[in-house]
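*Asks:* Need a 3D model of the following:
(2 chains)
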Amino acid sequence: MDAIEQMIERLIDKDCAYVVSNGDVYFDTSKDPHYGEISHKVHDDEENLSRVVHNSEKRNPKDFALWKACKGGEDICFDAPFSKGRPGWHIECSAMIEKHFEGDGTYSIDIHGGGADLLFPHHENEAAQSRCATGHELAKYWMHNGFVQIDGEKMSKSLGNSFFLKDALKVYDGEVLRYYLNSVHYRNDFNFNEEDLLTAKKRLDKLYRLKKRLLPGKASAVNKDFKAALLEAMADDLNISVALAHIDEMIANANEQLDANPKDKALKKETLANLEFVDTLLGFGGKEPYSYFQIGVDEDLKAQIEEKLQKRANAKAAKDFATSDAIRDELTAIGIAIMDTPEGTVWEKI
RNA sequence: GGAACCAUCGCCAAGUUGGUAAGGCCGCAGCCUGCAAAGCUGCUAUUCGCCGGUUCGAGUCCGGCUGGUUCCUCCA
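*Replies:* From the prediction side, this is the model:
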């Protein structure tokens, strides 16, 4: 509260803010030549076209409250030099940032993020009051993310279409959700649906299948070109799509080379290092691959699967393919996919 | 009513100094396999919502239209 009050007082002293008759304090947007630059709002005096009726004591239609005077009754109020009341919406952020971040004299902080709905008026106002109070810019970069929608609709409790991660996590590995949610550029709207989530899972699955081919083994050094390509993509305003494309390409190349030479230790070690780098940078691919494919399968089911696989192995050895295929169908029916490899049969929960 | 952002292959999605369309899913063909699955190879947008304009050249710039999302009041 002290920091808030001090910042408001400073704005009043600099004539960037004014107190009206009821004790409200408003920021004078006309005193800030850069007002509107973040949200690309043009200065227009045709504010009477707005469907909103404004406080008549405002000097300019876009002036906003730094401090709201106490309305009495149950209203929570604080004592301040200008009036008894409470802070406006935006001032808390500006005050907090100034108090806790040193800045470099040009910017208080490097990056300020938030949802696209906060772009205006919140961030515009926050930036304006900080700019006038401190004499320098609040943030070097403003990043606004799009919204998560459910089947084309904004996710909200009132629409009844919200979901909780804890429910999704019962069915999907957390990394699948992370991969999916991060697979689209942060600024775009994100239409959440299970079909696309499954597509994301298929992509992550490929990474983990490759990892199965790499283990056991130790990582050596990450491939320089691969690392550079990923960093370049992410440095370009977090271009995750390009980064994921590089990862897909790396996976395909590794698989191709392993097909040609399954015992290429140097390749395995480097690829393992590549995957470790992906995990460090993007937060997926770091798990033990067999457990990744077994989420949601308890010990009981696991034993049943192993038993069926043993029977199938016996049938295959006896060339009884009718039986072995029947067992495979049984497993498929309960969501277990199997694949025969030179090292034996492995299974995955789909 | 005003404003901002967005609109690319069946689906998801890159493409910011304009130079001739990444990647993934699906699908098709092939290799591999007892058959599959997995993996690999090849193929799959003369075209970027629509209409104009600028330019030697536009998905990329400008204008208009259509469609979608968001903001323009309080609370944060």
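
*Asks:* Going by residue numbers, what spans are helices in the stretch 151-300 of chain A?
*Replies:* With helices called from DSSP state H, counting those that start in this stretch, the stretch 151-300 of chain A shows them at A:165-171, A:174-182, A:194-214, A:224-235, A:240-260, A:265-282, A:289-292, A:299-317.

*Asks:* now the strands: where do they sit in the stretch 51-200 of chain A?
*Replies:* A:64-69, A:85-87, A:107-115, A:137-145, A:148-150, A:153-154, A:190-192 (DSSP state E, counting those that start in this stretch).

*Asks:* Quick check on the closest residue to RNA strand B within the stretch 201-350 of chain A: phi, psi?
*Replies:* Proximity of the stretch 201-350 of chain A to RNA strand B (Cβ to the nearest atom of the strand) peaks at A:Met339, 2.9 Å away. (Glycine included, C-beta is placed from N, CA and C.) The phi/psi pair for A:Met339 (degrees, to the nearest 10) reads phi -150, psi 130.

*Asks:* Provide the partner residues of it in its beta bridges.
*Replies:* Beta-bridge pairing for A:Met339 (DSSP bridges): A:Val346.

*Asks:* Let me know whether it touches A:Leu331 as I believe.
*Replies:* No: between A:Met339 and A:Leu331 there is no contact under Cβ atoms under 8 Å: 11.1 Å.

*Asks:* Could you check how many residues crowd around the residue nearest to A:Asn145 when sequence neighbours are not counted?
*Replies:* Nearest residue to A:Asn145, sequence neighbours excluded (Cβ to Cβ, 6 or more residues apart in numbering): A:Tyr186, at 4.6 Å. Around A:Tyr186 there are 15 other residues, counting by other Cβ atoms under 10 Å.

*Asks:* now do A:His112
*Replies:* Neighbours of A:His112 using other Cβ under 10 Å come to 22.

*Asks:* Contact partners for it?
*Replies:* Applying Cβ atoms under 8 Å, 6 or more residues apart in numbering to A:His112 gives the contacts A:123, A:138-139, A:141-143.

*Asks:* can you do 6 Å?
*Replies:* Neighbouring residues of A:His112 by Cβ atoms under 6 Å, 6 or more residues apart in numbering: A:139, A:142.

*Asks:* What's the separation between it and A:Glu124?
*Replies:* Distance of A:His112 to A:Glu124, computed by Cβ to Cβ, to the nearest Å: 12 Å.

*Asks:* what does A:Leu204 give?
*Replies:* Taken as Cβ to Cβ, the span from A:Leu204 to A:Glu124 is 38 Å.
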